[in-house]
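> coords below, sequence missing:
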């Protein structure tokens, strides 16, 4: 919160690879680099960490987090194909799955692949959980229907969203 990203990087770089805090330090370096908009350097750190973690089942959640970071980083730089690839690398049973699915939907939408976005979005709409990403999916669905010129279906989806949110409020 102090916006001293450059200074923090120097401290995180002091953490040795054999330290138990090394992986966390590397993630924090990547985050600091992304916040500085040093995109390439951040991706190098993330890719190196992914190589280090590769094929180790103990680190699947960490790998998924890194792929999520990569996916949204690519998305922010409008590299939608790479973004989709990163999101697809996330495990289906990960705590990051819903955010990855939303990333896939947003990337497909940005590429004007509305049918692909719609098909992927239905996965979120069919989930029953209290998750912000799922909550957002109910508003994105009618928007995608509109983009596909399915106005009656869009109207129905808006009504379904209203019903869903009223049910959540109750």
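On my side now, so go ahead. All figures in this text were calculated on a predicted structure; none of them were measured in a lab.

> name the helices or strands packed onto the worst-scoring helix or strand of the chain on mean pLDDT?
Sorting the helices and strands of the chain by mean pLDDT, DSSP states H and E puts helix 5-12 at the bottom, at a mean of 86. Secondary-structure packing of helix 5-12 (3 or more C-beta pairs under 8 Å, 6 or more residues apart in numbering; DSSP states H and E): helix 22-35. Yep, even glycine has a C-beta here, placed from its N, CA and C like the rest.

> For the least confident helix or strand of the chain, buried residues please.
Of all the residues in helix 5-12, those buried under the rule 16 or more other C-beta atoms under 10 Å are 5, 8, 9, 12.

> The residue lying closest to the last one once chain neighbours are set aside: how many residues sit nearby?
Across the structure, with C-beta to C-beta, 6 or more residues apart in numbering as the measure, the residue nearest residue 12 apart from its sequence neighbours is residue 25 (4.2 Å). Number of residues near residue 25 (other C-beta atoms under 10 Å) recorded here: 19.

> State the next helix or strand along the chain beyond the one helix or strand residue 85 maps to.
Using DSSP states H and E, residue 85 falls within helix 80-88. Next in sequence after helix 80-88, counting helices and strands by DSSP H and E, comes helix 97-110.

> quick one: the very next helix or strand once past that following helix to helix 80-88, angle?
On the C-terminal side of helix 97-110, the nearest following helix or strand under DSSP H and E is helix 114-125. With axes from the mean of the first three to the mean of the last three C-alpha atoms, to 10 degrees defining the directions, helix 114-125 sits at 20 degrees from helix 80-88.

> can you list contacts of the helix or strand just after helix 114-125?
The element immediately downstream of helix 114-125 (helix or strand, assigned by DSSP H and E) is helix 132-147. With C-beta atoms under 8 Å, 6 or more residues apart in numbering as the test, helix 132-147 has contacts from 98-99, 101-102, 105, 109, 114, 117-118, 121-122, 124-125, 127, 151, 153-155, 157-158, 160-161, 164-165, 168.

> What's the ChimeraX syntax to select whichever of the residues you listed are buried?
For the buried members of these, the matching ChimeraX selection, counting by 16+ other C-beta under 10 Å, is:
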select :98,99,101,102,105,109,114,117,118,121,124,125,153,154,157,158,161,164
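
> and stretch 133-149, average pLDDT?
Averaging the model's pLDDT scores along stretch 133-149 yields 93.

> For the lengthiest helix in the chain, enumerate the helices and strands it packs against.
Within the chain, and with DSSP state H defining each element, the longest helix by residue count is helix 151-169. Counting contacts by 3+ C-beta pairs under 8 Å, 6+ apart, helix 151-169 packs against helix 132-147.
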